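Chemist: need coordinates for the below:
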Amino acid sequence: MLYDDSNHTRNLFPNPFTSELGGAGIRTAQYLIEKNIDAVIVRQIGRNPLRFFLSANIKVYQTTENDVEKVIQLLNEGRLEVFDQSVFSFKSGRKRFRSGREC
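Modeler: Next up is the predicted model:
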């Protein structure tokens, strides 16, 4: 759902990438950025979509709330928290191996 807080309108639309096997988060993030959003509200988010939103200067708020009406109320009252980025380490700690040797 897209919510325009300037005129309090909502636009419901299906996520065209929900059936993707890989990269659905990034593709969804790109799709939303193309819609010129200023912020997203999520219950959870992957590291790559989070990076993508942050690189586009889009605020990422987190909520545990399931009720859309309550989430909109919290947004309008300025009571949503910015997503805690510390849950992700943005350093690549992955080791890569090639031909049995550590690289």
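
Chemist: tell me the phi and psi of Leu21?
Modeler: Dihedral angles of Leu21 (phi, psi; degrees, to the nearest 10) stand at phi -80, psi -30.

Chemist: so what's it up against?
Modeler: With C-beta atoms under 8 Å, 6 or more residues apart in numbering as the criterion, no residue contacts Leu21. To be clear about C-beta, it is placed using only N, CA and C from the backbone, and glycine gets the same treatment.

Chemist: from Ser6, how far off is it?
Modeler: Distance, Leu21 to Ser6, using C-beta to C-beta, to the nearest Å: 37 Å.

Chemist: what about the strands in this structure?
Modeler: Ranges of strands within the chain are 2-4, 9-11, 39-42, 59-62, 81-82, 97-98, 101-102, based on DSSP state E.

Chemist: tell me how many other residues crowd Pro16.
Modeler: Each residue near Pro16 was counted by other C-beta atoms under 10 Å, and the total is 11.

Chemist: find the nearest non-adjacent residue to it, please.
Modeler: The shortest distance from Pro16 to any non-neighbouring residue, by C-beta to C-beta, 6 or more residues apart in numbering, is to Tyr31 (7.0 Å).

Chemist: you'd agree Pro35 is up against Met1?
Modeler: Slight slip there: residue 35 is Lys, not Pro. No: the criterion here is C-beta atoms under 8 Å, and Lys35 misses it with Met1 at 11.6 Å.
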